[in-house]
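A.B. asks: Predicted structure and sequence below. I'll ask about it afterward.
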Amino acid sequence: MSPAVVAAAGAGVALAAALVSLLAGLGQRRAAPRRRGSRRRRARMARLARGLIALGRRIGAPAPPANLATRIAAAGSPLGLGVGEVAALKAAGGALALVAGAPLALALPGRLPAVALAALPLAGFLAPDLALAHTSRARARAMEEELPDLLDLLRVAVEAGLPVSRALGQVGRGHAGRLAAEWRAAAAQIELGMLRSQALERMASRCPAPGVAALTGALTRAERHGAPLSDTLAAQASEARAARARRVRERAARAAPKIQLVVALLLVPSVLLMVAAALVAGLVR
């Protein structure tokens, strides 16, 4: 493979990675503590995102897919981006990837320029989708870690006689995680007059962790039919805690082959080199 091929492929991958990093960083910093340095970085990324959105709208944003709003909500709506803004980012990413990689793609031999010119805008166009998927997975993992403890606290608050909306707000205000923030937002919406079912539905759409859907279903059934919540919340907390323990064991099992690979590729050759050095030194003497 010639250096031009590598450079052309690297240009498209680099731009796609930059757009992924932009949106993923926006989604992560949305829940991070507001320090001065993070505010500056957030402001810079916001300006970059606004510039890309303006470019995409000038080019002509494509029609968004039907599930784009759901994916944006699951990613936490980074920087408050809507469906139109993300569609404009996709258009801008495709155009920039083509412009950045075209000089290198045209230098490729044979029929590779046509392939590269088709692949570069596709990579830039799909970069925001990859960013949303990455951010959704990160949010889901963080929320799954928080869920068991928050469910236990919610059960205690409900058993103490607090209404569900107030219990959600109290538990959410006592924690700084992403799931707790969504509980605070849902409680605030209910206090402002939104229907509880609608607020819970929005909360479920913004929380990609599987256990949150079961929680909102239990809360909705309790409101509709008067079903008791205490036992349900206790069972869901136990299930979420068991799932968290299972994930820890799976991560530990995946780590074992990696450790063995490090031992095989680094430690064993280093020991053999030391032995070989000693043998060479003995032969020289």
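C.D. replies: On my side now, so go ahead. Small disclaimer: the values here were computed from a predicted structure and weren't measured.

A.B. asks: Measure how buried residue 77 is and give me the count.
C.D. replies: 16 (other C-beta atoms under 10 Å). Just so you know, the C-beta spots here come from the backbone N, C-alpha and C atoms, and that holds for glycine as well.

A.B. asks: Make 55 the first number, not 1, from now on.
C.D. replies: That works, and once the first residue is 55, the last one we named lands at residue 131.

A.B. asks: Quick check: phi and psi at it.
C.D. replies: The phi/psi pair for residue 131 (degrees, to the nearest 10) reads phi 50, psi 60.

A.B. asks: thought it was touching residue 260?
C.D. replies: Yes - the criterion here is C-beta atoms under 8 Å, and residue 131 meets it with residue 260 at 7.4 Å.

A.B. asks: C-terminal to the helix ranked longest in the chain, what's the next element?
C.D. replies: What stands out as the longest helix in the chain, according to DSSP state H, is helix 166-213. Sequence order places helix 218-227 as the next helix or strand after helix 166-213, per DSSP states H and E.

A.B. asks: Counting by contacts, list what the next helix or strand after that following helix packs against.
C.D. replies: Toward the C-terminus, helix 218-227 is succeeded by helix 232-245 as the next helix or strand (DSSP H and E). With contacts defined as 3 or more C-beta pairs under 8 Å, 6 or more residues apart in numbering; DSSP states H and E, helix 232-245 has these neighbours: helix 166-213, helix 218-227, helix 250-260.

A.B. asks: And helix 232-245, what's buried?
C.D. replies: For helix 232-245, a neighbour-count test (16 or more other C-beta atoms under 10 Å) marks 232, 233, 234, 235, 236, 237, 238, 239, 240, 241, 243, 244 as buried.

A.B. asks: residues contacting the first one?
C.D. replies: By C-beta atoms under 8 Å, 6 or more residues apart in numbering, the contact list for residue 232 reads 85, 130, 193, 196, 197, 200.

A.B. asks: same check, this time on the second one
C.D. replies: Taking C-beta under 8 Å, 6+ apart as the definition of contact, the neighbours of residue 233 are 196, 197, 200, 201, 204, 261, 263, 266.

A.B. asks: Pass me the low-pLDDT residue ranges in the protein, would you?
C.D. replies: The chain contains residues with pLDDT under 70 at 55-92.

A.B. asks: Would you point out which residue is most central in it?
C.D. replies: Geometric centre of the chain, nearest residue: residue 189, 1.4 Å, by C-alpha atoms, centre = their mean.

A.B. asks: wait, isn't it in contact with residue 129?
C.D. replies: Yes - counting by C-beta under 8 Å, residue 129 is a contact partner of residue 189 at 4.1 Å.

A.B. asks: what's the closest non-adjacent residue to residue 160?
C.D. replies: Counting by C-beta to C-beta, 6 or more residues apart in numbering, residue 160 lies nearest to residue 167, which is 5.2 Å off, once chain neighbours are set aside.
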